[in-house]
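Novice: predicted model and sequence below, questions to follow.
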Amino acid sequence: MGLRKYSNEVVKEAKRVRWPKPDVLFPTIVVVLVIVFFAAFMLFVEDLAVGKLLGEIERVFQGFKK
């Protein structure tokens, strides 16, 4: 299959897609963004906690090096 035929088929399929109405699309976008920001915040907090924990473990084991 050539590139031209492939792109023509893609355009034809895109025209047959039933795109959501704006009154459905925008609340969905808001929900997705809220979930993404919540997940990013949770990963940030977990990263801080693990970093602090590993820092404390490293500090404890520094005494054994002497």
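Specialist: Perfect, I can see it now.
Novice: every contact and neighbour count from this point should use C-alpha atoms.
Specialist: OK.
Novice: so how far is stretch 6-13 from its chain's centroid?
Specialist: On the basis of CA atoms, centre = their mean, to the nearest Å, stretch 6-13 is displaced by 29 Å from the centre of the chain it belongs to.
Novice: likewise for stretch 24-31?
Specialist: Using CA atoms, centre = their mean, the distance from the centre of stretch 24-31 to the centre of the chain it belongs to is 16 Å.
Novice: also stretch 43-63?
Specialist: Averaging C-alpha coordinates over stretch 43-63 and over its chain gives two centres that are 25 Å apart (CA atoms, centre = their mean).
Novice: now do stretch 16-31
Specialist: The offset between the C-alpha centroid of stretch 16-31 and the centroid of the whole chain comes to 19 Å, using CA atoms, centre = their mean.
Novice: what's the next secondary structure element after the lowest-mean-pLDDT helix or strand in the chain?
Specialist: Of the helices and strands making up the chain, the lowest-confidence element is helix 3-16, at a mean of 92, by mean pLDDT, DSSP states H and E. For helix 3-16, the following helix or strand on the C-terminal side (DSSP states H and E) is helix 22-65.
Novice: what mean pLDDT does that following helix get?
Specialist: This predicted structure assigns helix 22-65 an average pLDDT of 94.
Novice: list the helices and strands the least confident helix or strand of the chain packs on?
Specialist: The elements that helix 3-16 packs onto, with contact taken as 3 or more CA pairs under 8 Å, 6 or more residues apart in numbering; DSSP states H and E, do not include any helix or strand.
Novice: CA atoms of it as PDB?
Specialist: The C-alpha coordinates for helix 3-16 follow below in PDB (Å, rounded to 0.1, in the frame of the first residue of the first chain):
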ATOM      1  CA  LEU A   3       1.700   6.400   1.200                       C
ATOM      2  CA  ARG A   4      -0.900   8.300  -0.900                       C
ATOM      3  CA  LYS A   5      -3.500   5.500  -0.700                       C
ATOM      4  CA  TYR A   6      -2.900   5.100   3.000                       C
ATOM      5  CA  SER A   7      -3.300   8.900   3.700                       C
ATOM      6  CA  ASN A   8      -6.500   8.900   1.600                       C
ATOM      7  CA  GLU A   9      -7.900   6.000   3.600                       C
ATOM      8  CA  VAL A  10      -7.000   7.800   6.900                       C
ATOM      9  CA  VAL A  11      -8.800  10.900   5.800                       C
ATOM     10  CA  LYS A  12     -11.800   8.900   4.700                       C
ATOM     11  CA  GLU A  13     -12.000   7.100   8.100                       C
ATOM     12  CA  ALA A  14     -11.600  10.400  10.000                       C
ATOM     13  CA  LYS A  15     -14.600  11.800   8.200                       C
ATOM     14  CA  ARG A  16     -16.700   8.800   9.300                       C
END
